[in-house]
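Engineer: based on what follows, work out the 3D shape:
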Amino acid sequence: MTAKKNDKYQLILQGALKVFAEHGYHRSQVSKIAKAAGVADGTIYLYFKRKEDILIRLFQEKLGELVGKFHASVEGITDPAEALRNVCYIHFSELESSPELAYVTQIELRQSDLELRKEIGNALKPYIVLIENILKQGVDEQRFQPNLNIKLVRNLIFGSMDEAVTSWLISGRKYSLKDQVDDTLSFFLHGVSRQE
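Structural biologist: The predicted structure is shown next:
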């Protein structure tokens, strides 16, 4: 893709993000996306076959950027608890700084059909694997419980962060997601049991 074509591609994705967040995926027409992107309707079809492809690529690209930030934030970190904190902080701060992306990932993707959810699941896998690797490191270094059900706990950690973002959106974004990081991490590390 040449630089000029790449610019239009990025404009389309940004326009789609805005339109999907404002109107919802199912009520968004390609013409609205084109208008928001500042391109002709036909230009969309030079890059995407259908509206579903736009949503898939949008999610893959944005999640790819996030996964890159997650990996960079844990590089060289030797404490798995600190690595989990960094992941949580990036998850919350990135979505707080982009409410449109938060809305699309938290609300619209849950209303997608099976094919879309499958594609999105594939894009999400590197993030889940990163959380799993942090948990394995914690177990291997005897910082986390030796009998930790890693696959269950990685899903609980991701699900907790996911639900925190959804609740923030539903509340009308009345508080800071970033301010929830320490309490969230405390829950991950200590649960609800009283500590001796």
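Engineer: give the contact list for residue 117.
Structural biologist: Residues near residue 117 by CB atoms under 8 Å, 6 or more residues apart in numbering: residue 109. To be clear about C-beta, it is placed using only N, CA and C from the backbone, and glycine gets the same treatment.
Engineer: now it: how far from residue 44?
Structural biologist: 23 Å (CB to CB, to the nearest Å).
Engineer: ok, and the closest non-adjacent residue to the spatially most central residue of the chain?
Structural biologist: By CA atoms, centre = their mean, the chain has its centre lying nearest to residue 63, at 5.4 Å. Distance criterion CB to CB, 6 or more residues apart in numbering; nearest residue to residue 63, sequence neighbours excluded, is residue 123 at 4.9 Å.
Engineer: go on, residue 21?
Structural biologist: residue 100 (3.8 Å).
Engineer: next one, pLDDT for that neighbour please.
Structural biologist: Note on residue 100: pLDDT of 94.
Engineer: in this structure, which spans are helices?
Structural biologist: All helices of the chain, identified by DSSP state H, fall at 3-23, 30-37, 41-47, 51-74, 80-97, 99-106, 114-140, 150-170, 181-190.
Engineer: go ahead and confirm the residue nearest to residue 63 touches residue 58.
Structural biologist: No: using CB atoms under 8 Å, residue 123 makes no contact with residue 58, being 10.1 Å away.
Engineer: same drill for the two, tell me which one is more crowded.
Structural biologist: residue 58 (20 against 17; other CB atoms under 10 Å).
Engineer: burial of the nearest residue to that one once chain neighbours are set aside, as a residue count?
Structural biologist: With sequence-adjacent residues excluded and distances taken as CB to CB, 6+ apart, residue 58 is closest to residue 13, at 5.1 Å. Residue 13 has 21 neighbours, counted by other CB under 10 Å.
Engineer: which residues touch residue 13?
Structural biologist: So residue 13 contacts 54, 57-58, 61 (CB under 8 Å, 6+ apart).
Engineer: I appreciate the help and will end here.
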